[in-house]
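Chemist: could you look at this predicted model? Sequence included:
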Amino acid sequence: MQILKHVTTILLFGFCANVIVTKINLSKKKKERFTNHTDISKELTIVKRRICQFLYAWCNCLETAFKKHLWSFKKHLCSFKKHLWSYKKHLWSFKKHLWSFKNHCGHSRNTCGYSINI
């Protein structure tokens with residue numbers, strides 16, 4: 001999760017830097033008194049392209065991070081299933097020992113003194 005925060009911060013910083021540079025370029029052109037609408041539309045197209053590139057890169061980073069966390073979750077789930085299976089095996093083993101103990105007490109009820117109901 002920390003990696004995702006750092007990547008988002010870096011991308012956001014890069015995006016802001018691109019927007020600031022573009023605004024500076026536009027303001028320079030205004031000072032030079034460009035009145036040609038095609039130059040302004042070209043600059044706006046560049047700004048739109050940069051915004052789209054930023055959003056595309058950000059979405060790719062989110063997708064990669066999501067896939068990584070999903071893979072990690074899947075590994076933990078598999079590990080949990082293994083532990084659950086191990087727990088189930090130990091439970092069966094314990095039940096067998098309990099049955100054995102019950103049978104032992106059943107055969108020598110006078111000496112054992114325990115009553116076990118399973």
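Modeler: All right, it came through fine. Because the structure is a prediction, the values reported are computed rather than measured. Residues are numbered from 1 along each chain as shown.
Chemist: for stretch 47-56, buried residues please.
Modeler: Buried residues in stretch 47-56, defined by neighbour count with 16 or more other Cβ atoms under 10 Å: 47, 50, 54. Bear in mind the C-beta positions are built from the backbone N, C-alpha and C, glycine included.
Chemist: so for that stretch, mean pLDDT?
Modeler: Averaged over stretch 47-56, pLDDT sits at 82.
Chemist: likewise for stretch 64-78?
Modeler: Mean predicted lDDT for stretch 64-78 stands at 85.
Chemist: ok, now stretch 89-109?
Modeler: Average pLDDT, stretch 89-109: 79.
Chemist: let's see it as CSV, backbone CA atoms only.
Modeler: Only the C-alpha atoms of stretch 89-109 are listed here, as CSV (Å, rounded to 0.1, in the frame of the first residue of the first chain):
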residue,chain,number,x,y,z
LYS,A,89,-6.4,-33.7,10.1
HIS,A,90,-5.4,-33.0,13.7
LEU,A,91,-9.0,-32.9,14.7
TRP,A,92,-9.6,-36.4,13.1
SER,A,93,-6.4,-37.7,14.9
PHE,A,94,-7.6,-36.3,18.2
LYS,A,95,-11.1,-37.9,17.6
LYS,A,96,-9.4,-41.3,16.9
HIS,A,97,-7.4,-41.0,20.2
LEU,A,98,-10.5,-40.0,22.0
TRP,A,99,-12.3,-43.1,20.6
SER,A,100,-9.3,-45.2,21.6
PHE,A,101,-9.4,-43.8,25.1
LYS,A,102,-13.2,-44.4,25.3
ASN,A,103,-12.8,-48.0,24.3
HIS,A,104,-10.0,-48.4,26.8
CYS,A,105,-12.2,-47.0,29.6
GLY,A,106,-15.1,-49.1,28.4
HIS,A,107,-13.2,-52.3,28.8
SER,A,108,-11.9,-51.5,32.2
ARG,A,109,-14.8,-49.5,33.6
